[in-house]
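J.: when you get a sec, could you give me coordinates for this:
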Amino acid sequence: FFFPLCQSSSRCLLSVHRSVLPTWDRPRSRDPMISGSCCAIVALVALLCLSQLRIFAQRRELAAARELASLASARDHRIKARLKRMHRLLRAAEVRENVSVCPPPSPVATKPASGDSATGTGTGSGTAEDGLPASLLLKAQRSWDWRAIASEALRPWGSIRKEQLDTAVAACNDNGTMYCQRLQVHKGSLYLTDYRAIFFDRHYAPARVWPLLAALRRHRDLPDVDIVVAGNDEPRVPAFPGVGSSWAKTCRRWPGEKGGPLPPAIFASTTSRGVMDLPWLDFAWYFPRKPHKLRTPPWSVLHPQLVEAGGKVRWEDKLEIAMHTGNVGSGWRKALAAVAERAPREVFVNELFIGDHGKITQTCKEMKLHATGGYQKHKCFMRFEDQCGYKYLLNSASIGYANKFKYLLLCGSVVIYVQDGMQHKEFYEHGLLPGVHYVQVATADDVPAMVRYLREHDSYARAVASAGRARLAALDVRAIAAFNAELFTQYAAKQRFRVRPLPGAVRIDCEDDLWRHYARDPGFLKHFRSEDNATCVRPISPPFRPPGWGGAYNGSKVRCVASHDQRAGAQPLFCTPGAVVEEDQNPGDKTLQHRVITTTRSVQPGTSYAPFSEFPSAAKDGIPWTML
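T.: Numbers count the residues shown, from 1 in each chain. The predicted model follows:
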């Protein structure tokens, strides 16, 4: 392409050369035109030649880069393959070294039943279909990816502003919430402000604060955070985009635009993808260590007991029937009871209320009523190990929400999760997979068919039972604190303000700081206090003296406006000294002639009347709270 052009250029140059010399055979009038045309052609050709040379050089460089990239990719692939093989060998070696010291939790005997040896999932020994030891697969179930779970929970929140916490506090005050606190971590210390802490149910108020206190005690490097926690069964910030009325209501309440409020940043005991609440631990995880009216121990005590009890029943000895024991008050559980009546060979429902514990003294096994199937009411009760005697356990929706899922999984039985009515989940459920750790059905009517399927596929049922048990066996108090620390760390990264303790906040360093703060009377405090400074966020040096006795307590009490329901129709003026209020002298009869006019008490024991801008010191009720 360039050769003819260059030849033409040469001829043109020759013409130019001749044009500048005296000639006798050509007229001189043509010389300027020829000279200008040839120069233009020469310049154009030169530019084309230079550009083509540059393109050629760039193509050579690109080809060389591609060759280097191909070599690097091949080398990287070989390195990754070698690393993967090394990690696999190391994990297998670690399992072989530790299996005798820390065997995977399994409720079955070491000898597999017929048909189970091929998969090796029932006993924790043998080889799975992909060639990995079954014990290694079970060990993998013990690892919780808290970072992913926390990140998913915080996904709707690009940032968190201080105004959203104020909106959260307002949401606590207008919905009848029994507990709502603002918890602040500042320079390694916890500060508490109560907005709701109902007086009559104060036994469980510390349990709402414990998740953050426990995380702070185990993770001293926790960043400063400012959160609002609502102690309700259900979430506070629903936002179902697929439901027009719900989404419209959400947008009207928190429009966000033109100075409108943004949705509140608030923590709740249960969450789902249809709400914007953040996950908090239900109070049942941190029940009082001393005896209380609900009688269930805290998870720190109960978890190791259940792990041990769940392993005492062999898989071969379990009854092949799906069982539920407990209240049958919700519509979903009534449907389950109806299914049990129709299909007694597959389903067994044993109805029992909390109030029955003092009346019913024999277990179903002692009365030989444990293997009958069907639906029976208020006849017997079951210990946890008795429940583990069934291959299939039922988890269905209750009146509030069912919190027994975690206990059932520790049995080493297959948990059948009835989805109908289960709108929300606790934090750990987001780390479980249906078909792996449990099985699920859409409604109660589907339970009998699932039971028959599990009977026919006993190897699969055994694998699910073992995986679910291994998963929950790893959910001890350390794992829970690790989840909370990860959640609070990611939350802190989204805060767009500096955390400063509120003027009327109370510093909490130890468990007994909470009991002293929430105590209603001296007897209450004497019963529940632990006198255990190992619960403190930092080591305490003796001597232990009042008022804190090793903690940070300095005479605080819950404010009256947080202790009593201030809504109309409840106790709107109870905390206004001298205000006129109505008290019903005959609660059984709501006619007006039984109402009398009285005045509020000036002082209620265990209550502060200080405003939120001041430290909530105890009222002068004559009780030396700082000396108890």
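J.: C-alpha only now, for contacts and for neighbours.
T.: Will do.
J.: the closest residue to residue 383 other than its chain neighbours: neighbour count?
T.: Sequence neighbours aside, residue 363 is the residue nearest to residue 383 in space, at 7.4 Å (criterion: Cα to Cα, 6 or more residues apart in numbering). The number of residues packed near residue 363 is 16, by other Cα atoms under 10 Å.
J.: list phi and psi for residue 363.
T.: phi -80, psi 160 (degrees, to the nearest 10).
J.: now residue 421
T.: phi 90, psi -10.
J.: was I right about it contacting residue 402?
T.: No - the criterion here is Cα atoms under 8 Å, and residue 421 misses it with residue 402 at 10.1 Å.
J.: closest to the centroid, which residue in the protein?
T.: residue 427 (2.6 Å; Cα atoms, centre = their mean).
J.: show me which residues of stretch 284-293 are buried.
T.: 284-289 (16 or more other Cα atoms under 10 Å).
J.: then stretch 234-253?
T.: Those would be 234-240, 247, 250-251, for stretch 234-253 by 16+ other Cα under 10 Å.
J.: same check on stretch 407-417?
T.: Judged by neighbour count (16+ other Cα under 10 Å), stretch 407-417 contains these buried residues: 407-417.
J.: from these, which ones fall inside strands?
T.: With DSSP state E as the criterion, strands contain 414-417 from among the buried residues of stretch 407-417.
J.: what about stretch 432-445, start to end distance?
T.: 24 Å (Cα to Cα, to the nearest Å).
J.: tell me which element residue 291 falls in.
T.: Per DSSP states H and E, residue 291 falls between elements, in no helix or strand.
J.: do you know how far it is from residue 313?
T.: 28 Å.
J.: now do residue 330
T.: Taken as Cα to Cα, the span from residue 330 to residue 313 is 31 Å.
J.: do residue 460 as well
T.: 18 Å.
J.: please apply the same query to residue 277.
T.: 39 Å.
J.: same check, this time on residue 507
T.: Look at residue 507 and residue 313: by Cα to Cα, they are 47 Å apart.
J.: next: residue 173.
T.: Distance from residue 173 to residue 313, by Cα to Cα: 48 Å.
J.: ok, now residue 430?
T.: The gap separating residue 430 from residue 313 is 28 Å, by Cα to Cα.
J.: the more surrounded of those two?
T.: Taking neighbours as other Cα under 10 Å, residue 430 and residue 313 compare with residue 313 leading, 22 against 16.
J.: now the more buried one, what's its secondary structure?
T.: Following DSSP: H, G, I helix; E, B strand; the rest coil, the label given to residue 313 is coil.
J.: test my guess that it contacts residue 390.
T.: No - Residue 313 is not in contact with residue 390 according to Cα under 8 Å; the separation is 9.2 Å.
J.: average model confidence for stretch 56-71?
T.: When pLDDT is averaged over stretch 56-71, the result is 82.
J.: cool, stretch 219-239 as well?
T.: 88.
J.: how far does that stretch sit from its chain's centre?
T.: 11 Å (Cα atoms, centre = their mean, to the nearest Å).
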